[in-house]
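>>> Got a predicted model here, sequence first, then my questions.
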Amino acid sequence: MTQQSYPAFGILLVDDEPAWLKSLSLTLRSCAGLSNVATCQDSREVLGLLAQGGIGMVMLDLTMPHLSGEELLKQIGEQFPEITTIVVSGLNQLETAVRCMKLGAFDYFIKTDEEDRIVGGVLRAVRMKEMQQDYQEISSRFASGELRHPEAFTAIVTGDRAMLNVFAYAEAVAKSPQPLLITGESGVGKELVAQAVHRLSGCRGKLVTVNVAGLDDTVFSDTLFGHVRGAFTGAEQLRRGMIEEAADGTLFLDEIGDLSIASQVKLLRLLQEGEFFPVGCDQPKRLKARIIAATHQNLAEKETLGTFRRDLFYRLRTHQLHVPPLRERPGDIPLLLEHFLGEAAQTLGKKKPTPPRELAQLLATYNFPGNVRELKAMIYDAVSIHRDRMLSMDSFAKAVGQPRPGSAEKAAPRQNPFAGFIDLPTFSDAAGLLVAEAMHRANGNQTLAARLLGISQPALNKRLKMMRAEPV
Ligand SMILES: Nc1ncnc2c1ncn2[C@@H]1O[C@H](COP(=O)(O)OP(=O)(O)OP(=O)(O)O)[C@@H](O)[C@H]1O
């Protein structure tokens, strides 16, 4: 996407008629935004040109002097199997088309076909080729297992294997012009990942973020596509949409799961055709930005319920990254704690406090529905009220012990876990099981287990001694 010309690989047009070569190049440039196009009039030169490298696709005439198109097709298939070949011929014969397909042609067009058909076919082939290249890149990155640009991820604190896999994938698809979908619960760091992908893309344009939640279809169109002067009452000035703001860069569409069906249709058209119409304008403009979309919602479920279009879902997830929730990467909690303590202290102009040893363990017992954002807020909160050298556990214990406002735990009356039992355990058995669970969650730390149970540490110690004397 950094290069001026698109796509990243060259497209070679081969025909002995210069007028056709000129008109096809113009059509590809103006209707499909394909500018990385070279032409060749002499079929004998084609193999030599391909040997120089850089060409990923050939569009070939069949009836040419010297080397016929069919012969060339065969030789390209043998010597350059990675190159996609499309036949564009004056011959409207089914047998010829079938023969070409058998020789490996990706598609077959007749010169008199409508322009839209040819352009659509070429764009399809370009997309397939880009995806092939992306997948090769992905597998080679995973095989090497190393990040080439770890510095792009410095804002994301983690040591987790699954997160490192997310980074490897992000690196592999960063330069792809295909859309990228980032999923994961709220607060896991999806936007940080989008920023890293943009940085790695090498695009010289900006990263432009649009939160599409709550935008009705009219505002969505106006925000993304912009409008011309006089497009509607109040449109006194021309407005460039966010797509244009993000030209040669990345357009990050956050909360994509909330998009209305009408706007989904428009986004799909943008992705499929690579063009859009500013409101009130009948001249299409080309999409020159890479699209990254993110959501905390389950799009597969929404698609089944009919609230998210299947075609858009499949288009968006050409490449997909899932950022795991914090509770699935407890090893990150101490790292994030250290990081945010430093950050909060600096922001609040305080000395970085020392966290008690049990704090990370206490936090590991909590399931963090708000993920890293919630942890960050807890730490900022604690640092803002802290006075001594040692950080107090109190605000954390309070936060992890409380059901979140509006959460299911608060809304639903707590079920008595013994409700379905025919024979109730004895009081001492039940207490023993509760203590065993708290000790397990606290990783054997009595201070922490006592906090979880809401009793003092000596009381817990006494109970443990009793349990050892008469095991449950
Ligand atoms: N691994 C991390 N290291 C450092 N900071 C992080 C990390 N993950 C998230 N954060 C911070 O947590 C907050 C939430 O992150 P972010 O906005 O990227 O999450 P999100 O998944 O995009 O959330 P939402 O779905 O609500 O938009 C931000 O302040 C971000 O800087």
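The structure has been received and is ready for your questions. Residues are numbered from 1 along each chain as shown.
>>> Show the pLDDT at the residue in the chain positioned nearest to the ligand.
Across the chain, no residue is closer to the ligand than residue 189, which sits at 2.9 Å (CB to the nearest ligand atom). Yep, even glycine has a C-beta here, placed from its N, CA and C like the rest. Per-residue confidence for residue 189 comes out at a pLDDT of 97.
>>> where's the strand or helix carrying residue 436 relative to the chain centroid, distance-wise?
Assessed by DSSP states H and E, residue 436 sits inside helix 427-441. Per CA atoms, centre = their mean, to the nearest Å, the displacement of helix 427-441 from the mean C-alpha position of its chain is 43 Å.
>>> same question, stretch 33-43
Going by CA atoms, centre = their mean, where stretch 33-43 is centred and where its chain is centred differ by 33 Å.
>>> list the buried ones in it?
Within stretch 33-43, the residues scored as buried using 16 or more other CB atoms under 10 Å are 33-34, 36-37, 39-41, 43.
>>> Same list, the residues you listed, but as a markdown table with secondary structure and pLDDT please.
Rendered in a markdown table, the data for those read as follows (DSSP: H, G, I helix; E, B strand; the rest coil; pLDDT from 0 to 100):
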| residue | secondary structure | pLDDT |
| --- | --- | --- |
| 33 | coil | 88 |
| 34 | coil | 92 |
| 36 | coil | 94 |
| 37 | strand | 95 |
| 39 | strand | 96 |
| 40 | strand | 96 |
| 41 | coil | 94 |
| 43 | helix | 93 |
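>>> export the helix holding residue 436 as PDB, just CAs?
Coordinates of each C-alpha in helix 427-441 appear next as PDB, following Å, rounded to 0.1, in the frame of the first residue of the first chain:
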ATOM      1  CA  PHE A 427     -21.900 -27.300  58.100                       C
ATOM      2  CA  SER A 428     -18.300 -28.300  58.600                       C
ATOM      3  CA  ASP A 429     -18.100 -30.200  55.300                       C
ATOM      4  CA  ALA A 430     -19.500 -27.200  53.400                       C
ATOM      5  CA  ALA A 431     -17.000 -24.800  55.200                       C
ATOM      6  CA  GLY A 432     -14.200 -27.200  54.300                       C
ATOM      7  CA  LEU A 433     -15.100 -27.200  50.600                       C
ATOM      8  CA  LEU A 434     -15.300 -23.400  50.600                       C
ATOM      9  CA  VAL A 435     -11.900 -23.100  52.300                       C
ATOM     10  CA  ALA A 436     -10.300 -25.600  49.900                       C
ATOM     11  CA  GLU A 437     -11.700 -23.600  46.900                       C
ATOM     12  CA  ALA A 438     -10.400 -20.300  48.200                       C
ATOM     13  CA  MET A 439      -7.000 -21.800  48.900                       C
ATOM     14  CA  HIS A 440      -6.900 -23.200  45.400                       C
ATOM     15  CA  ARG A 441      -7.900 -19.800  43.800                       C
END
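>>> The helix or strand just after it vs helix 427-441, what angle?
Secondary structure here is assigned by DSSP H and E; on that basis, the next helix or strand after helix 427-441 toward the C-terminus is helix 446-453. An angle of 120 degrees separates the directions of helix 446-453 and helix 427-441 when computed by axes from the mean of the first three to the mean of the last three CA atoms, to 10 degrees.
>>> now stretch 266-282: mean pLDDT?
The average of the pLDDT scores along stretch 266-282 is 91.
>>> Kindly report the same for stretch 441-449.
So the average pLDDT for stretch 441-449 ends up being 82.
>>> Next: stretch 168-179.
Summarised as a single mean, pLDDT over stretch 168-179 is 92.
>>> still on that earlier bit, report the buried residues of the helix holding residue 436.
By neighbour count with 16+ other CB under 10 Å, helix 427-441 contains the buried residues 431-432, 435, 438-439, 441.
>>> Please apply the same query to stretch 363-381.
For stretch 363-381, burial by neighbour count (16+ other CB under 10 Å) applies to 363-366, 368-372, 374-376, 378-380.
>>> Show the contacting residues for the nearest residue to residue 56 once chain neighbours are set aside.
Excluding its sequence neighbours, the residue lying closest to residue 56 (CB to CB, 6 or more residues apart in numbering) is residue 9, at 2.8 Å. The contact partners of residue 9, taken as CB atoms under 8 Å, 6 or more residues apart in numbering, are 36, 54-57, 129, 133.
>>> which one in these is the model shakiest on?
Ranked by pLDDT, the contacts of residue 9 bottom out at residue 133, which has 87.
>>> Where is the longest helix in this structure?
Under DSSP state H, the helix in the chain containing the largest number of residues is helix 115-144.
>>> Put the alpha carbons of the following helix or strand past that helix into PDB.
Proceeding N to C from helix 115-144, the next assigned helix or strand is helix 161-173, under DSSP H and E. Taking C-alpha atoms only, helix 161-173 is exported to PDB below (Å, rounded to 0.1, in the frame of the first residue of the first chain):
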ATOM      1  CA  ARG A 161       2.000 -16.900  23.900                       C
ATOM      2  CA  ALA A 162      -1.500 -16.300  22.300                       C
ATOM      3  CA  MET A 163      -0.800 -12.600  22.200                       C
ATOM      4  CA  LEU A 164       2.600 -13.200  20.500                       C
ATOM      5  CA  ASN A 165       0.800 -15.300  17.900                       C
ATOM      6  CA  VAL A 166      -1.600 -12.300  17.400                       C
ATOM      7  CA  PHE A 167       1.500 -10.100  16.800                       C
ATOM      8  CA  ALA A 168       3.000 -12.600  14.300                       C
ATOM      9  CA  TYR A 169      -0.200 -12.700  12.400                       C
ATOM     10  CA  ALA A 170      -0.600  -8.900  12.500                       C
ATOM     11  CA  GLU A 171       2.900  -8.600  11.100                       C
ATOM     12  CA  ALA A 172       2.200 -11.000   8.300                       C
ATOM     13  CA  VAL A 173      -1.000  -9.300   7.100                       C
END
